[in-house]
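Q: Here's a sequence, model it:
(one chain, ligands or ions: 1)
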Amino acid sequence: MTPSARVQAAIDLLDAVIAAAKGQGASADRIAADWFRARRYVGSKDRRAIRELVWSAIRACGDVPVSGRAAMLRVAQGDAALTALFDGSNYGPAPIKAGEAMATGGVAPGWLVERLAASGLDDQERAALLGRAPLDIRANTLKISCEDLRARLPVEAEPAIAPHALRLQSGTAVESLPEFAEGLFEVQDAGSQIACLALSVQPGEAVVDLCAGAGGKTLSLGAAMENRGELLACDIDRPRLSRLPERAARAGVLVQTRLLNPGREIEMLADWQGRADAVMIDAPCSGTGTWRRNPEARWRLDTKAIDRYCAMQANVLGIGASLVRPGGRLTYVVCSLLDAEGPDRIDTFLAVNPGWQVDMPPLPAGCPRGKGIRLTPFGDGTDGFFFATLVRRVN
Ligand SMILES: C[S@@+](CC[C@H](N)C(=O)[O-])C[C@H]1O[C@@H](n2cnc3c(N)ncnc32)[C@H](O)[C@@H]1O
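A: This is a model prediction of the structure:
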């Protein structure tokens, strides 16, 4: 492909990403994967270059652009080499017209930037939300120590801030390594690993991971429990939860799964009411802390979506709390940095549940925010997280 043709291809892909963002369709990753699958003649160098252009444009545009071309014009602004590729050549984009519309730049839509600022994120913190995400893995201590894994991996890996974390070059094809197939490690952001530490699970305990999804945190909890005790992973999403058993088998983690019906969670967890030593509540959220990985997610949010997430968070916090025994604990986690989804949820919960108190264990990273801890891409080099650990008082 000529360089100009790559730019036009990126514009076409961006049009699809924009349409999906407006209609709550597939993610940019999914769209790009499908797009390339349908064009197998596009070589690997071209693919890389097109992806680079698409993701630069997504990062550059704070709000949903009117078109792929307007988004690409935003990236071309101040980039003479890219501007020159709008040359009207065969398969290339048409020349730029005087006064042609260009997408607006910025970190996010204006209303969202205001809410991030009100949540204590300054310019640098906000800009870092769109940085390049590193690739972190967690050594599966059921099978190998972090040091031994590092020595065994055929790729460069540096220790990261969580105790069992290694940081690899972004884009490393880790899932094709034999060490992955052997279950010696899992791909997990160091921030997510630290959120798991906040629950301080011990071998022999009875633990519930209420919003387990495909089990990223479940596997981390299972390793910390050394496979002793009881570990139950739940979710209301069948496709996600159904990926867990295979992952757990590879990792050698002993876990039960339970698919819950929305609205009937408490009834379906009757055997666990007031019995758990520890409950992980990795609540559904707006994901503002993960824009490094899904930058177009910020085009999909509006105030109603945030309100919906807050309602879901209150719901899962209440369900999770009902499972905890007196003296037991829960950790509430969101990968969002909006106060409404983090500190405010905890304040609201404590205001109506006087039988609970905050009890955060010492952790290797993060800063206090409200009654919990916050990790940020700028401050900690991790995805953005808020989490808080609460203990149910013994009467
Ligand atoms: C942030 S994701 C979990 C990610 C997962 N813990 C991990 O580490 O990969 C939130 C999950 O909460 C689930 N969820 C939403 N409402 C729920 C409910 N009422 N009960 C249980 N799970 C729920 C969603 O289906 C989603 O999988």
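Q: burial of whichever residue of the stretch 51-200 of the chain sits closest to the ligand, as a residue count?
A: Using C-beta to the nearest ligand atom, the closest approach of the stretch 51-200 of the chain to the ligand is made by S192 at 6.1 Å. C-betas here are computed from N, CA, C, even on glycine. S192 has 26 neighbouring residues, counting by other C-beta atoms under 10 Å.
Q: part of a strand, is it?
A: No - counting by DSSP: H, G, I helix; E, B strand; the rest coil, S192 is not part of a strand but helix.
Q: Could you double-check that it sits in contact with F385?
A: Yes - between S192 and F385 there is a contact under C-beta atoms under 8 Å: 7.1 Å.
Q: what do those two both touch?
A: C335 (C-beta atoms under 8 Å, 6 or more residues apart in numbering).
Q: still on that earlier bit, measure the residue of the stretch 51-200 of the chain closest to the ligand to G384 for me?
A: Noted for S192: a distance of 11 Å to G384, by C-beta to C-beta, to the nearest Å.
Q: now swap in S56 and tell me
A: 21 Å.
Q: go on, G327?
A: 31 Å.
Q: can you check M268 too?
A: Taken as C-beta to C-beta, the span from M268 to G384 is 32 Å.
Q: related to what we said a few turns ago, looking at S56 and G384, which is more packed in?
A: For S56 versus G384, the count of surrounding residues by other C-beta under 10 Å is larger for G384: 30 against 18.
Q: Any figure for the gap between the more buried one and L337?
A: G384 is 4 Å from L337, by C-beta to C-beta.
Q: anything in contact with each of those two?
A: In contact with both G384 and L337: L129, T288, G289, R374, T376, using C-beta under 8 Å, 6+ apart.
Q: Need the nearest residue in space to the second one, chain neighbours excluded.
A: Right, T288. Excluding the flanking residues, the one nearest T288 by C-beta to C-beta, 6 or more residues apart in numbering is S336, at 4.5 Å.
Q: Just give me the neighbour total for that neighbour.
A: 26.
Q: ok, now the one 3 residues further on?
A: By other C-beta under 10 Å, 20 other residues sit near D339.
Q: Which residue is the nearest non-sequential neighbour of it?
A: S119 (4.3 Å).
Q: go on, N261?
A: M268 (6.4 Å).
Q: In contact with that neighbour, which residues are there?
A: Contacts of M268 by C-beta under 8 Å, 6+ apart are R258, L260, N261.
Q: Quickly name whichever of those is closest to the ligand.
A: L260 (5.2 Å).
Q: Quick check: residues of the protein near the ligand?
A: Contacts of the chain with the ligand, taken as C-beta under 6 Å from any ligand atom, map to 210-214, 216-217, 234-237, 240, 260, 262, 265, 282, 284, 312, 315-316.
Q: If any of these are buried, give me the PyMOL selection for them.
A: Per 16 or more other C-beta atoms under 10 Å, the buried members of the residues of the chain next to the ligand correspond to this PyMOL selection:
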select buried, resi 210+211+212+213+214+216+217+234+235+236+260+265+282+284+312+316
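Q: Show me the longest strand that occurs in the protein.
A: strand 324-334 (DSSP state E).
Q: Against which helices or strands is it packed?
A: strand 276-282, helix 303-323, helix 343-352, strand 385-392 (3 or more C-beta pairs under 8 Å, 6 or more residues apart in numbering; DSSP states H and E).
Q: could you dump these to a markdown table with distance to G25?
A: As requested, the helices and strands packed on strand 324-334 are exported to a markdown table (distance: least, C-beta to C-beta, whole Å):
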| stretch | distance to G25 |
| --- | --- |
| strand 276-282 | 25 |
| helix 303-323 | 15 |
| helix 343-352 | 29 |
| strand 385-392 | 27 |
